[in-house]
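Asker: I need the structure of the sequence given here:
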Amino acid sequence: MAEKPDQDSQTEEPTAKKMDDAIEQGNLPISREMIIFASMLSLLIVNAFILRNSLADIVTLLKYVFNNSDQIPLRNQLDAVNLFQLILTETGPRLVPIILPFMIAGIAANIGQSKLRLILERIQPDFGHLSLISGWKKLFGQKNLAEFLKNVIKLSAVALLLFMVLKGNQDKLINAMFLDPSAIPELILSLSMRLLSVICIVTIVLATADLLWVKNQWRRDLRMSKQEIKDELKQMEGDPLIKARLRSVALDRIRKSMIADVPKATVVIANPTHFAVALRYVREEGGTPVVVAKGTDLIALKIREIAEAHNIPIVEDRPLARSLHASVEVNQAIPAEFYRAIAEIIHYLNTKKSPQLSIH
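Answerer: Residues are numbered from 1 along each chain as shown. Modelled structure (predicted):
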């Protein structure tokens, strides 16, 4: 009863960090039904393209052995071992194309869901799992009961499909047994193709539903309480490396945004190489010059470079550039104390180069 309040308090969706941590620890939403579907699909493909030729070769070999059994010595144990090795040597290579796709399909489906994550902690022995009480609880837990019910439903469905296929072809099988035994292998292949096709259709439906259920259950198991989310945020904010990284990312975004806005500037006020402030003045936008970009050193040089590339006037005024850089943030209008100085610059540019600009 003590765990109930804690479970009830976990009402929030898991954060990206919580899910990443779970994945790093090997806790992934893997659908077993998807693995079974991949295996069944591989069997269907093998049955359609490979099985007939491989089985024909194996049957031919076995016929030869039985038809010439009087010529094969079986006097002692060594002769029996030699015969077994001969059959295995001849049939083994023909069985590989049948078995290998089945194995590869299952492994590929597993890897596709786990993204090739091998977690050493998951494969190390944990003697805590040997507890009889905990094992008993897991055996009769909600998840295992759900898995048991799913397996019962699957086996029942497969048994029903097998019965329906055999029942529908009962007369063909009986006639083949008594009238044309040589047709039995081909008939079995045809029936197995039909059965595997139906099983694949049923399995993909079950696998899709199971995958959605597994992912939903995985997210549900990772749900967090509001306090856990707060603690995680505090931990992330308190980590110097994370804080530095977040600050670096934020600054990088700001720089990129500023650099992208430089071509919109009307004039750049610069302190030859150390400071640069790009101003935009369009009377229809409010009538007050706005700082669209600013920076020092390398950023200042980049602002000047873009301004020159776009034929934006650059005015070198060291005191004004320093004051603007220190007093005004990006995307802010300049304070009233700078009106006169900026008005004179724009008026100068207005009369010198750009008649369309005016200051009132």
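
Asker: Leu43 contacts Ile99, doesn't it?
Answerer: No - with contacts counted by C-beta atoms under 8 Å, Leu43 stays clear of Ile99, the gap being 10.3 Å. Bear in mind the C-beta positions are built from the backbone N, C-alpha and C, glycine included.

Asker: So the two - more neighbours on which side?
Answerer: Leu43 (19 against 11; other C-beta atoms under 10 Å).

Asker: pLDDT value on the more buried one, please?
Answerer: pLDDT, Leu43: 88.

Asker: quick one, what contacts it?
Answerer: Leu43 makes contact with Phe102, Leu196, according to C-beta atoms under 8 Å, 6 or more residues apart in numbering.

Asker: So it: helix, strand or coil?
Answerer: Recorded secondary structure, Leu43: helix (DSSP: H, G, I helix; E, B strand; the rest coil).

Asker: cool, and Ala341?
Answerer: Once three-state DSSP is applied, Ala341 turns out helix.

Asker: And Val315, by the same measure?
Answerer: strand.

Asker: That one - how many residues pack around it?
Answerer: Val315 has 16 neighbours, counted by other C-beta under 10 Å.

Asker: Identify the bridge partners of it.
Answerer: Assessed by DSSP bridges, Val315 has beta-bridge partners Ile269.

Asker: my read: it touches Val268, true?
Answerer: Yes - using C-beta under 8 Å, Val315 is in contact with Val268, at 7.1 Å.

Asker: Which stretches in the stretch 201-350 of the chain count as helices?
Answerer: With DSSP state H, counting those that start in this stretch applied, the stretch 201-350 of the chain shows helices at 226-238, 240-261, 298-309, 318-327, 339-352, listed in chain order.

Asker: got the angle for the first one vs helix 240-261?
Answerer: Here helix 226-238 runs at 70 degrees with respect to helix 240-261, directions being taken by axes from the mean of the first three to the mean of the last three C-alpha atoms, to 10 degrees.

Asker: mind checking how far Val268 is from Ile107?
Answerer: 61 Å (C-beta to C-beta, to the nearest Å).

Asker: neighbouring contacts of the strand or helix carrying Ser54?
Answerer: Assessed by DSSP states H and E, Ser54 sits inside helix 51-67. Outside helix 51-67, the residues that touch it by C-beta under 8 Å, 6+ apart are Ile72, Leu83, Ile87, Glu90, Thr91, Arg94, Leu95, Pro97, Ile98, Pro185, Leu189.
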